[in-house]
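Undergrad: when you get a sec, could you give me coordinates for this:
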Amino acid sequence: MMNSYSDANRSSNLDRSKSSRSDRQSHSNIFEIEISDISLHGNLPKVGMTSWDDFFCVRISVSGQLQTTGWALRSYKWHKTHRFKVDKSSKVAFNINACDIRQTRRIGCFEDTVGELLKCPGPIKQTVSLYGSRDQEIDIHFRIAQIQSSTINKLSISYIDLQDLPSVHHDTFCVQVVIDDTIWESSLKPSNQGHSRWTDGFYFPFQLDSHASLEIFATRWLHKNKPIAVVEGSVKDWLAAPNGVIRKTLESMDAKIQAEFKVSQTSGASTAGNNHGEEVGDPMVEQNDVLGTKQIDALDISAVILDIDCVPKFGKLFWDDRFFLEIHVADNGESQNIVSQGQQEKRCLIWDTTFTFNVSRTSRLVFRVLGYDGKDSEPVPVCIAIFDVDELLQQNSLIKRPLPSSAASVRIDGPGIPTLSFRATQAGAMLLTRSLGSFTQELSAAVYRTSTVRPNRPRDYGQDKRIIENAISRANKSTGGDAHLYPLLVKISIFVSVAERLAKLHPYSRIAYAILATGYEVIRQGIAREDGVIRLMRTMQDTYDLVMTVDALPYLHKQKHVLEAIVQQTIECAFFIRDYVDTRGSFAQMIMNSVLRVETQIKAFEHAFIDLQRSFQSYMAVPTQLTVLKILEEVQDLGAKADFRDMAYAVDARCATSCAVHLPTNCGAPPVDLITSVQNWAIGDSKESERICVLSGPEESCGAIALLVGERFQFASRLGSSYCFRGSRHNDTRSYTNLFSTIARDLADHNAQFKQNLWRVVGNETSLRKTRVLRTQFEEFILAPSRDVVWNGPFLVIIDGLELGGNEVARKEVLSVLLNKGAELPRNLRFLITCRPEDDICKAFHGQSHILRRQLGGATLAMSRAENLEDYVSA
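TA: Numbering: from 1, shown residues only. From the prediction side, this is the model:
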């Protein structure tokens, strides 16, 4: 039975004075409380144009701890449990907020102390007067309880997500979770492009030493399900995972399955494992980069799925139906919008594109799924959900939000409630960076102080240097057994922090850190038996120790050229270490077959760093020749005589010289996080199958990104070719017919082995060199010469403004080539393609495993769509 809080409050007033003394004695006792089952009832105000626009949330503030229920429609009950550490005098405030898709406002508040609330048994009901209204009141219902210090006896497994599944039988999978003697088996899920997901939570009795396993099965109709992979461990180890999220790579049937699921305790007191998870799960620390900043500027939304028992129909036939995801971002009066067509499955709608938005922690995201009959009528809202960016980043795993039927303006049949699930991550974030967060704030402060240095204003750097040394010392003590790679990463990150401020070193230098950080686990495990690689890492560490001495700090701005050479040499060595360790057998064999042995190459790298140390110490001129992986010590006469002048070439088409010409003068810089995210993909931070990244969005944003990414890779000597269709040219020769021949000739300038192979293919074939058939060009000019080439690290090819090279008919052939032959590109040759989201391009690249699709939000698009929001809601 629901208790009236007001009645209970009056009855307790008589005893309040008697209990005040005992309460004061207990104020120092800290304990935990749970607040749950929050709901709003009564005459909730109307804030949007229709009831489908109205969303509400409750923000709970307890002694400086703030949690939110998330946004939901009226008459919705939040089942989420909120935990707080309190004493009896702590004040609990329930701030009730309302919003439509444009603005948010607080409509009411209720507060009292923990001690008073705990005196009320059972559910609590409290009446709240609305701000700005004399008579209007609503009721807030909730439960509050003190958590007893007993052993937690239930474990929750939820948000099970499997990617890169192999193709087995009918491509339908299930999972089985076993905790001691308790067994649970999931429902069957068909995989979509190797991806299956279960978002529901399942509960198990357990002890901390219980054995746990999650096994993946491929279903078979006539035989027993076939087990293909398993994750095993103790419950204690699972609970100790960062943020309670288990991530494992499972090798099975020539596939590397990416498994992720969330583990949590359902009630009771915290255990050691849970405390560990809370400590590393600090969302502010988690989002830090190597400089320790807590600010974000780009958010990725990916793997969006709407699970729905019965997909609604809009057209007369099922192939008439179209479904669109609209994501609207609002912050400080500015807005962005993205609209993307989804793929319809039997019981769900799927969007396989990564959507990227320029955001801050105060931004709000509105998700709307729209249905359309493929004709002239307006799209009809199917469901809607609202999220705060800060809320999304704190969850650090799959995000799930049930969407009750009242959220839709159409009838949704079926027993279940539609559920929206997706991932939200800071663009460009790297997992390893979290472990550096313990000292980055202190380090950043020291760097800020040293950045005020002027040659005529000397100062004592001892204190700042001690901060840096202490940071390195603390990091080295918590390496987890890695005595080589982790200390090197720490020193590189500190070097980047200091050099960017004191020597005005360009942010390109962060590539050196990103290469080793993104491949950290593979490299760490692979170098254990490689004495030569370990010796090279020590030489690299010695170099960074030298340039970071106390006496060197005031003079770094005079040594910019030396520092840039150190960074470039580090990039070259980092790619060598990563590729040698990751593909040791084939890579090392190819090197040996090319005359040069691994030990000889390692010594050449070591001597390069020693020379740079001498240059830094003596202010000598820096050698301009970078020491690189030498695959061919002697270029054969065949390659030396190669002449490609009769192969079509577009003059003045590269992005570095042409992109800036057509960009508006008021075009803002792209988010740094987004540039870093694209960079991480290009250097290998993605599935090996994703050889191509298609970045679609507003023309100005795409052009600026192509320019900046191209400059970064040009600095690192990793830009294989760039071809820009934007802007006008004198004697313009750019067209699809010379796109791949231009790229091939550029690649030949960067790799002698590729050049030799290309000449072998076309040297005696004049008709082949002059062909204008795009498929033949791609196969013979790019794929064939690349097959046995050793690429030390990735080379990036940029095609900017793909849609501008011709009309839809002209684009058909180039899209077909990238679609059907792009998966055959070598591992270290990546294509970045930017374009507007034209229908033919989006359809061609949809659902392709070798293509990473990203779509950017655009303010211009947001304005045009915002004008039609009311029409969509009323349709």
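Undergrad: nearest residue to Leu719 other than its sequence neighbours?
TA: Phe713 (4.1 Å; C-beta to C-beta, 6 or more residues apart in numbering). No exception for glycine: its C-beta is placed from N, CA and C like everyone else's.
Undergrad: residues of whichever strand or helix holds Gln568 that come out buried?
TA: Taking DSSP states H and E as the definition, Gln568 sits inside helix 560-582. Under the neighbour-count criterion of 16 or more other C-beta atoms under 10 Å, helix 560-582 has 562-581 buried.
Undergrad: now do the contacts for the residue nearest to Leu719.
TA: Taking C-beta atoms under 8 Å, 6 or more residues apart in numbering, we find Phe713 in contact with Ala682, Leu719, Leu796.
Undergrad: burial count for the residue nearest to Arg853 when sequence neighbours are not counted?
TA: Leaving aside its chain neighbours, Arg853 sits nearest to Thr353 (4.3 Å; criterion: C-beta to C-beta, 6+ apart). Using other C-beta atoms under 10 Å, Thr353 has 25 neighbouring residues.
Undergrad: going forward, begin numbering at 3 instead of 1
TA: Sure, I'll start numbering at 3, so the last one becomes Thr355.
Undergrad: let me know whether Thr355 touches Leu858 as I believe.
TA: No - with contacts counted by C-beta atoms under 8 Å, Thr355 stays clear of Leu858, the gap being 10.7 Å.
Undergrad: quick one: classify Glu692 as helix, strand or coil.
TA: Under the three-state scheme (DSSP: H, G, I helix; E, B strand; the rest coil), Glu692 adopts coil.
Undergrad: isn't it up against Leu854?
TA: Yes - using C-beta under 8 Å, Glu692 is in contact with Leu854, at 4.4 Å.
Undergrad: more neighbours: these two, which one.
TA: Taking neighbours as other C-beta under 10 Å, Glu692 and Leu854 compare with Leu854 leading, 24 against 17.
Undergrad: ok, now which ones touch that one?
TA: The contact partners of Leu854, taken as C-beta under 8 Å, 6+ apart, are Thr356, Trp683, Ser688, Glu692, Ile694, Cys695, Val696.
Undergrad: list buried residues within those residues.
TA: Buried subset of the contacts of Leu854 (neighbour count, 16+ other C-beta under 10 Å): Thr356, Trp683, Glu692, Ile694, Cys695, Val696.
Undergrad: how far off centre is the helix holding Gln570?
TA: Here the centre of helix 562-584 is set off from its chain's centre by 25 Å, with C-alpha atoms, centre = their mean, to the nearest Å.
Undergrad: packing partners of that helix?
TA: For helix 562-584, the packing partners by 3 or more C-beta pairs under 8 Å, 6 or more residues apart in numbering; DSSP states H and E come out as helix 512-520, helix 522-528, helix 533-549, helix 586-595, helix 600-620.
Undergrad: returning to that earlier point: got the contact list for the residue nearest to Arg855?
TA: Applying C-beta under 8 Å, 6+ apart, we find Thr355 in contact with Ser304, Ser342, Arg855, Arg856, Gln857.
Undergrad: do the same with Cys704
TA: The contact partners of Cys704, taken as C-beta under 8 Å, 6+ apart, are Leu697, Ser698, Asp802, Gly803, Thr836, Cys837, Arg838, Leu858.
Undergrad: do that again at 10 Å, thanks
TA: 661, 672, 697-698, 728, 802-805, 835-838, 858, 860 (C-beta atoms under 10 Å, 6 or more residues apart in numbering).
Undergrad: check Met649 too.
TA: Going by C-beta under 10 Å, 6+ apart, Met649 touches 740, 742-744, 746-747, 750, 760, 764, 770-773, 779, 783.
Undergrad: likewise for Val368?
TA: With C-beta under 10 Å, 6+ apart, Val368 has these contacts: 55, 57, 73, 101-104, 328-332, 337, 339, 386-389, 871.
Undergrad: go on, His213?
TA: Val180, Ile181, Asp182, Glu234, Gly235, Ser236, Val237 are the contacts of His213 under C-beta under 10 Å, 6+ apart.
Undergrad: and which of those is nearest to Gln346?
TA: Nearest to Gln346 out of these is Val180 (C-beta to C-beta; 34.8 Å).
Undergrad: now the helices for the stretch 703-852 of the chain?
TA: Listed in chain order, the helices of the stretch 703-852 of the chain (DSSP state H, counting those that start in this stretch) span 741-752, 754-764, 768-771, 776-779, 786-788, 810-823, 841-847.
Undergrad: compare those helices and give me the one nearest Val361.
TA: Closest among the helices of the stretch 703-852 of the chain, using C-beta to C-beta: helix 841-847, at 23.2 Å.
Undergrad: tally of neighbours for Asp675?
TA: Number of residues near Asp675 (other C-beta under 10 Å) recorded here: 23.
Undergrad: what's around Val391, how many residues?
TA: 21.
Undergrad: pretty sure it is touching Asn360, no?
TA: No - judged on C-beta atoms under 10 Å, Val391 makes no contact with Asn360 at a distance of 11.1 Å.
Undergrad: return the item of the contacts of Phe715 having minimum pLDDT.
TA: Lowest pLDDT of the contacts of Phe715: Ala684, 87.
Undergrad: show me the contacts for it.
TA: The neighbourhood of Ala684, defined by C-beta under 10 Å, 6+ apart, consists of 513, 516, 695, 711, 714-715, 720, 796-800, 830, 832-834.
Undergrad: returning to what we had before: next, the angle from the helix holding Gln570 to helix 512-520.
TA: Here helix 562-584 points in a direction 20 degrees away from that of helix 512-520 (axes from the mean of the first three to the mean of the last three C-alpha atoms, to 10 degrees).
Undergrad: re earlier: make TSV from the helices and strands packed on helix 562-584 and add distance to Ile40 and mean neighbour count to it.
TA: Below are the helices and strands packed on helix 562-584 laid out as TSV (distance: least, C-beta to C-beta, whole Å; neighbours: other C-beta atoms under 10 Å):
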stretch	distance to Ile40	mean neighbour count
helix 512-520	41	25
helix 522-528	41	17
helix 533-549	52	18
helix 586-595	55	13
helix 600-620	60	17
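Undergrad: quick one on the thing from earlier: what's the closest of the helices of the stretch 703-852 of the chain to Trp186?
TA: Closest among the helices of the stretch 703-852 of the chain, once you apply C-beta to C-beta, is helix 841-847, at 38.1 Å.
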